[in-house]
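Asks: I'd like to go over a predicted model; first the sequence, then the structure.
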Number of protein chains: 2
Amino acid sequence: MGQQAAENLKEKMVNGVNVGQLFNTIDAIKERPDIAKFKFQATNKWINGGHNHTTIKDFYGALETHLHMEPFELDADEPQILLGEDTGPNPVEYLLTGLIGCLTSALVYHAAAKGIEISGIESRLEGDIDLRGFLGLSKDVKVGYENIRVFFKIDAAASEADKQELIRMAQKYSPVFNTVSNATPVSVQLEN
Amino acid sequence: MGQQAAENLKEKMVNGVNVGQLFNTIDAIKERPDIAKFKFQATNKWINGGHNHTTIKDFYGALETHLHMEPFELDADEPQILLGEDTGPNPVEYLLTGLIGCLTSALVYHAAAKGIEISGIESRLEGDIDLRGFLGLSKDVKVGYENIRVFFKIDAAASEADKQELIRMAQKYSPVFNTVSNATPVSVQLEN
């Protein structure tokens, strides 16, 4: 690629994604795959009852630890009907937040890589939980979400078929979607 | 149960959980299981690039829709190395927030139901993601978390064995843990 073409690509933003940087990242990873190994992490402190507090301050990736610009501080709580004080979303709502955000970003980044410009995306999702699982009242009831339904509205100069393809790509490439819709190993240990 | 005993139980708080109300809820659900059917939901609006915004304002449960005391407004974004502006946790960090919060609450509520008093809980978790999955650079690499590790410190007047039992209960009864560690059906649809 000539200097001028590289310069043009470097400046190219599609859907707010720097596509030049995206392709540079892909090239770098192809050469050195361990750049792609990321580790995300958080700490949590129980406050009281259903109220607990998560701090997210750094993560590892591209061979080094990165600090977020500022630590993210997140309260989780339960609503009053679930015996909490409603000071924050509850954990199953945080899961929905991660899922919808991840599907949206996967859609936007992959659309950008293909040069498909998107004007707007609005979405909603809902998931069913039967609390008899949490309460240990039935062994026939799932403890987690029984199922989750996501609905997307995409505003773009694209055909219905192209929009369906974006929805398909979002599912194919979203880390949270794939974490939830496949069984993901989670180990839980006591530390002293 | 006599009126006085019921009155005492009604007042009983363990770990900040109203245990009387908890047992009342369990009795009510045993009589009428559809009280236990909950639906959690959120809406999302894409802002730009990796930045999107989730609103959580209500949920369904105990046969009716409940408004949160105020809507929860959550920004998700990617850090700069992932081509975002770091205005909020990224979606895979929100998933960790839901997971650690849910394990903590499941532990606290089930300890309360057993009358086990807890003084403090601190925890941390980390999860590995190889971005070659997200980028579509390898079919052998998982798109979601490859695995997640959670570590708990529990401060309580309880034996090591009792603390291990709390850790086991947290996993058994946490909805987010069970959503992630089992394959959960997620449908994604385009709406007009």
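Replies: Received it, and whenever you're ready, just let me know what you need. Numbering: from 1, shown residues only, chains lettered A, B, ... in the order given.
Asks: Verify the stated contact: residue A:76 with residue B:108.
Replies: No: applying C-beta atoms under 8 Å as the test, residue A:76 and residue B:108 come out as separate, 11.6 Å apart. C-betas here are computed from N, CA, C, even on glycine.
Asks: between those two, what contacts are shared?
Replies: Residues touching both residue A:76 and residue B:108 (C-beta atoms under 8 Å, 6 or more residues apart in numbering or on different chains): residue A:50.
Asks: check contacts around the spatially most central residue of chain A.
Replies: By C-alpha atoms, centre = their mean, chain A has its centre lying nearest to residue A:102, at 3.1 Å. By C-beta under 8 Å, 6+ apart, the residues touching residue A:102 are A:174-177, B:91-92, B:95.
Asks: Just the residues you listed: which are in strands?
Replies: Assigned to strands by DSSP state E, none of those qualify.
Asks: that older thread, and the residue nearest to the centre of chain A, how far from residue A:179?
Replies: 9 Å (C-beta to C-beta, to the nearest Å).
Asks: those strands in chain A, which residues are they?
Replies: Under DSSP E, chain A gives strands at A:13-14, A:17-18, A:37-48, A:51-61, A:64-76, A:118-130, A:147-156, A:186-190.
Asks: okay, those in CSV with mean pLDDT, distance to residue B:54 and mean neighbour count next?
Replies: Formatted as CSV, those follow (pLDDT from 0 to 100; distance: least, C-beta to C-beta, whole Å; neighbours: other C-beta atoms under 10 Å in any protein chain shown):
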stretch, mean pLDDT, distance to residue B:54, mean neighbour count
strand A:13-14, 95, 23, 16
strand A:17-18, 96, 20, 21
strand A:37-48, 98, 18, 20
strand A:51-61, 98, 16, 20
strand A:64-76, 98, 12, 15
strand A:118-130, 98, 9, 20
strand A:147-156, 98, 12, 19
strand A:186-190, 98, 23, 16
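Asks: In CSV: those, plus distance to chain B.
Replies: Listed next are those as CSV, based on distance: least, C-beta to the nearest C-beta, whole Å:
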stretch, distance to chain B
strand A:13-14, 8
strand A:17-18, 5
strand A:37-48, 4
strand A:51-61, 5
strand A:64-76, 4
strand A:118-130, 4
strand A:147-156, 4
strand A:186-190, 4
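Asks: any chance of the ones you listed in TSV, plus distance to residue B:117?
Replies: Output for those, formatted as TSV (distance: least, C-beta to C-beta, whole Å):
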stretch	distance to residue B:117
strand A:13-14	55
strand A:17-18	50
strand A:37-48	12
strand A:51-61	17
strand A:64-76	21
strand A:118-130	28
strand A:147-156	35
strand A:186-190	17
